[in-house]
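1. structure of the sequence below:
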Amino acid sequence: MTYYGGKELAEAFRKVRKNTIQIAEDIPEDNYGFKPSPESRSIAQTLAHMATATTFPMMLHGERIPVEKIDFAEYMKTVAAEDAKLQTKAQIVAKLRESGEKFTAMLESLNDDAFFAELITFRPGAEPPARTRFDMLLAAKEHEMHHRAQLMVMERMIGIVPHLTREAQARMARFQAQQAQATR
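-> The predicted model follows:
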């Protein structure tokens, strides 16, 4: 028995996605075209990518399509087309909510230790050559957190203090006020 399974993966991803949605909502739509450099994704493109990024783990682990049966070139075209459909802030936020709910529901349905331990072997030349399903499912959360960090830097660049920073500042202010009150 493991101490971290589908229910825990779902709860962790749900929290990460909640913070992503908060960032998407905090950024005004007129800033969605902002790019930190010409070769970077815009805010909208980054959020759209995050909204569709759970497609692959849903196929591999939810639908249980064997990795060798996935045509990655075709898959990448399909995902790029899905990303391109997400044009407005409302569409992007809705897709973030929808894909997050679907992904967490799939994660919650997983409760078999043998399934999590199963090794997925990739095509020759892939690095790493194989990963467990658990590692790959955890990677979906890590991937989102990677892009969320990029978004938080972009927020700073357009003059927004990220919500997690605002929350930490409010906690610190409350703590300092309590300390000051206690020393009186």
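2. spatially central residue in this protein, please.
-> Among the residues of the chain, the one closest to the centroid is residue 144, at 2.5 Å (CA atoms, centre = their mean).
3. that one contacts residue 49, correct?
-> No: counting by CB atoms under 8 Å, residue 144 stays clear of residue 49, with 9.9 Å between them. Heads up, the C-betas are built off the backbone N, CA and C, glycines and all.
4. check contacts around the residue nearest to the centre of the chain.
-> Contacts for residue 144 (CB atoms under 8 Å, 6 or more residues apart in numbering) come out as 13, 16, 17, 20, 50, 53.
5. ranking those by neighbours, who comes first?
-> residue 50 (28 neighbours; other CB atoms under 10 Å).
6. identify the residue nearest that residue in space, chain neighbours excluded?
-> residue 147 (5.2 Å; CB to CB, 6 or more residues apart in numbering).
7. do the same with residue 41
-> residue 49 (6.6 Å).
8. residue 117 too?
-> Closest to residue 117 by CB to CB, 6+ apart is residue 132, at 5.8 Å.
9. residues touching that neighbour, list them.
-> 116, 117, 118, 119, 120.
10. ok, the last one - how many residues close by?
-> To tie it back to what came earlier, the one meant is residue 120. Count around residue 120 with other CB under 10 Å applied: 15.
11. that one against residue 136, yeah?
-> Yes: contact criterion CB under 8 Å: residue 120 and residue 136 qualify, at 6.4 Å.
12. need the residues touching each of these two.
-> residue 60.
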